[in-house]
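1. here you go, sequence then predicted model.
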Protein chains: 2
Amino acid sequence: MASSKSALDPLAIGIDIGGTGTKFGIVDHVGNVLFSGSISTKKHPQVETFIDDLYNNVKILIDKAGGTGRMKGIGVGAPNGNFYTGTVEYAPNLPWKGVIPLAKLLEDKFKLNVTLTNDANAAAEGEMIYGAAQGMKDFIMITLGTGVGSGIVANGKLIYGHDGFAGELGHTIVIPDGRMHEGTGKKGSLESYASATGVRLTTLEMLKNTNTPSTLRKIPAEQIDSKKVYEAAIAGDELAKNVYEFTGKILGLALANAVMFSSPEAIILFGGLTKAGELILKPTREHMEANLIKVFQNKVKILVSHLKESDAAILGASALAWEIA
Amino acid sequence: MASSKSALDPLAIGIDIGGTGTKFGIVDHVGNVLFSGSISTKKHPQVETFIDDLYNNVKILIDKAGGTGRMKGIGVGAPNGNFYTGTVEYAPNLPWKGVIPLAKLLEDKFKLNVTLTNDANAAAEGEMIYGAAQGMKDFIMITLGTGVGSGIVANGKLIYGHDGFAGELGHTIVIPDGRMHEGTGKKGSLESYASATGVRLTTLEMLKNTNTPSTLRKIPAEQIDSKKVYEAAIAGDELAKNVYEFTGKILGLALANAVMFSSPEAIILFGGLTKAGELILKPTREHMEANLIKVFQNKVKILVSHLKESDAAILGASALAWEIA
């Protein structure tokens, strides 16, 4: 009877919508991705055909996993996803323009509860339910990828703000009148430095403005990306290491400000930039501590997410489904 | 019978502990301060005699107001007050050193529930229960006095963070490598600019570094304070107006960063600096908007607290008592 009960334990569906592709999976309560798959997002200029395609593919997994009755609900992570309204609003990287009532469309199709939020908030939920933030009531999740996203948890709940858009740490201004962010037109935001794009731009600036010898000088500027900088840095390249030192200095300052705002137990980092390990973590930690007033010093853990990168987006999205009352 | 029920409505006791004096009052559910008084803080080098003195004075008001049985509880605002532990920790401006179990001492004496937090968090509670933030679930309170304090409310609850010390917006770094803060040793914090001390220092810098004519040039440097700058500015003094423009620019940038963090419905300002009205509010609003990404623009209200300054500290502290379960 125990195994029969266990076979009936509820499962959650996680759907992560990206500009190119959409990943989905069926997840148990401890974060095992039991079944997963993906479809193209960008081949669907109409959201209706996207929903049909998604339904047909996810339904196969639902049936394999015991049917709709076993599903607790669907969690969706999507760029510009609004938790309160269940809509995706003016997402520049998705094929559908304007305000898309995505949660409603999915609920009508799947006949299941749907909760939607943006990718970084979903990542924070994933860490809280399955990952490094289990048991924490106050933490900040920061995703360091092409851009910088964040999800802030206080009193055990994600902060969505009055309109559902809270947690845009990547757009806070760290260096007034600093580097221009092409996407927003604002100067000196965290994202303009502590992202893959930011690392590339810092490298180009250092190559131009310093005489530090570097193997990167042999590579044409347009081919330099954060991956090449990373490879040079772990091979011991001085300039590449300086790039991480500089990036960590700015990230550390931003983290200090975030700590003095919500005083989290930990900051959890996820994404490409964290692959550089101590090259980026050491200066980040040092500059965070240096900018904190005493009452906050030597208290806040900087952790790197240990969720498998291939599963993390599905896990994050699925975590939302467990939160449904 | 209706009036007899009304006479038995519960009341809250608010106690605001400052370095010089301690104010207290008995408050009804809509924010009327029915009885109030004050004692000296600094004449009590021992916390025990302070508690005795406070009890003797508050007890008179309790008896006037219908006795202990009618009191819902006691709320206390104190510098470095920790909500979780009920202690005051290493408060530089109080006569008692180290960690003081203030809530416990008061509970033992008064036989009432005691809730304690720092002054800025108490001010936020006051606005939520009686003031400009009634009905709001997401807002930020900022006190602009000798220093800069803040209380952040999200999902209808104050953010205390994992250790009880969240909400130190005044110490976030706005201008990296900017003005030195004498108290903390950190450079470029909001408090080093957007406080009474900051306004004085900005004025001295502008008098030294510019040739702008100003009536303030007739006053010896050591006598220039934020009040004199305010008086000059409303009399039309160009340099004094520039001081507010500059202060508002930095405050606006800090507010933009706070908005992108927790996306509040409103930011509520309180304290001496707000007396300058549009002189400070206009540049603050403009620079906040200029630093926000589009999704946050033209949404967030900047409000000035309308609680009477003489009552605000007692009201804020008393508001904590209503929050007790």
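-> Noted; the coordinates are in hand.
2. so which residues on the stretch 151-300 of chain A come close to chain B?
-> The stretch 151-300 of chain A has residues A:152, A:154-155, A:157, A:159-169, A:171-176, A:184, A:186, A:253, A:256-258, A:260-265, A:291, A:293-296, A:299 near chain B, with proximity defined as CB under 8 Å from any CB of the partner chain. Just so you know, the C-beta spots here come from the backbone N, C-alpha and C atoms, and that holds for glycine as well.
3. quickly list the domain ranges of chain A.
-> Structural domains annotated on chain A: A:2-127+A:310-323, A:136-305, as defined by automatic domain parsing.
4. make a markdown table out of those and add mean neighbour count.
-> Shown next, in a markdown table, are the domains of chain A (neighbours: other CB atoms under 10 Å in any protein chain shown):
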| stretch | mean neighbour count |
| --- | --- |
| domain A:2-127+A:310-323 | 19 |
| domain A:136-305 | 20 |
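5. lowest mean pLDDT across these, which one is that?
-> Lowest mean pLDDT within those: domain A:2-127+A:310-323, at a mean of 92.
6. starting at the chain centroid, how far to that one?
-> Domain A:2-127+A:310-323 sits 15 Å away from the centroid of its parent chain (CA atoms, centre = their mean, to the nearest Å).
7. who's in contact with the closest residue to residue A:316 other than its chain neighbours?
-> The shortest distance from residue A:316 to any residue other than its chain neighbours is 3.3 Å, reached at residue A:126 (CB to CB, 6 or more residues apart in numbering or on different chains). Residues near residue A:126 by CB atoms under 8 Å, 6 or more residues apart in numbering or on different chains: A:307, A:312, A:315, A:316, A:317, A:318, A:319.
8. how about the secondary structure of residue A:126?
-> Following DSSP: H, G, I helix; E, B strand; the rest coil, we place residue A:126 in the helix state.
9. please apply the same query to residue A:36.
-> strand.
10. nearest to residue B:119, of the domains of chain A?
-> domain A:136-305 (15.2 Å; CB to CB).
11. next one: stretch A:123-133 to chain centre, how far?
-> Using CA atoms, centre = their mean, the offset of stretch A:123-133 from its chain centre is 11 Å.
12. now residue A:132: how far from residue A:302?
-> Relative to residue A:302, residue A:132 is positioned 11 Å away (CB to CB, to the nearest Å).
13. residue ranges of the strands in the stretch 151-300 of chain A, please?
-> A:157-158, A:266-270 (DSSP state E, counting those that start in this stretch).
14. residue A:212 reaches residue A:242, doesn't it?
-> Yes: in this structure, residue A:212 is within contact of residue A:242 by CB atoms under 8 Å, at 6.7 Å.
15. need the residues touching each of these two.
-> residue A:206.
16. in the stretch 101-250 of chain A, which residue sits nearest chain B?
-> residue A:161 (2.4 Å; CB to the nearest CB).
17. what residues does that residue make contact with?
-> Applying CB under 8 Å, 6+ apart, one finds that residue A:161 lies in contact with A:167, B:138, B:154, B:262, B:263, B:264.
18. let me know the closest of those to residue B:278.
-> Nearest to residue B:278 among the contacts of residue A:161, with distances taken as CB to CB, is residue B:264, at 21.5 Å.
19. would you agree the closest one is in contact with residue B:142?
-> No: with contact defined as CB under 8 Å, residue B:264 does not reach residue B:142; the gap is 10.6 Å.
20. list residues touching both of those two?
-> In contact with both residue B:264 and residue B:142: no residue, using CB under 8 Å, 6+ apart.
21. now residue A:24: which helix or strand?
-> Applying DSSP states H and E as the criterion places residue A:24 in strand A:21-27.
22. can I get that strand in CSV? Just the C-alpha atoms.
-> Written as CSV, here are the backbone C-alpha positions of strand A:21-27 (Å, rounded to 0.1, in the frame of the first residue of the first chain):
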residue,chain,number,x,y,z
GLY,A,21,12.9,27.2,-27.4
THR,A,22,10.5,26.2,-24.7
LYS,A,23,11.5,23.4,-22.2
PHE,A,24,9.1,21.5,-20.1
GLY,A,25,9.2,18.7,-17.6
ILE,A,26,7.3,16.8,-14.9
VAL,A,27,8.9,17.0,-11.5
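23. contact partners of it?
-> A:11-16, A:33-42, A:50, A:54, A:57-58, A:61-62, A:65, A:71, A:311, A:313-315, A:318.
24. just checking, which of those residues belong to helices?
-> A:50, A:54, A:57, A:58, A:61, A:62, A:311, A:313, A:314, A:315, A:318 (DSSP state H).
25. show me the contacts for the second one.
-> Contacts of residue A:54 were listed using CB under 8 Å, 6+ apart, and they are A:15, A:22, A:24, A:39, A:106.
26. what's across from the fourth one in the sheet?
-> Judged by DSSP bridges, the bridge partners of residue A:39 are residue A:22.
27. look up how far chain B lies from it.
-> Using CB to the nearest CB, to the nearest Å, one obtains 28 Å as the distance from residue A:39 to chain B.
28. who touches the nearest residue to residue A:283 once chain neighbours are set aside in this structure?
-> Excluding its sequence neighbours, the residue lying closest to residue A:283 (CB to CB, 6+ apart) is residue A:248, at 2.9 Å. Residues counted as contacts of residue A:248 (CB under 8 Å, 6+ apart) are A:280, A:281, A:282, A:283, A:284, A:286, A:287.
29. good, wrapping up.
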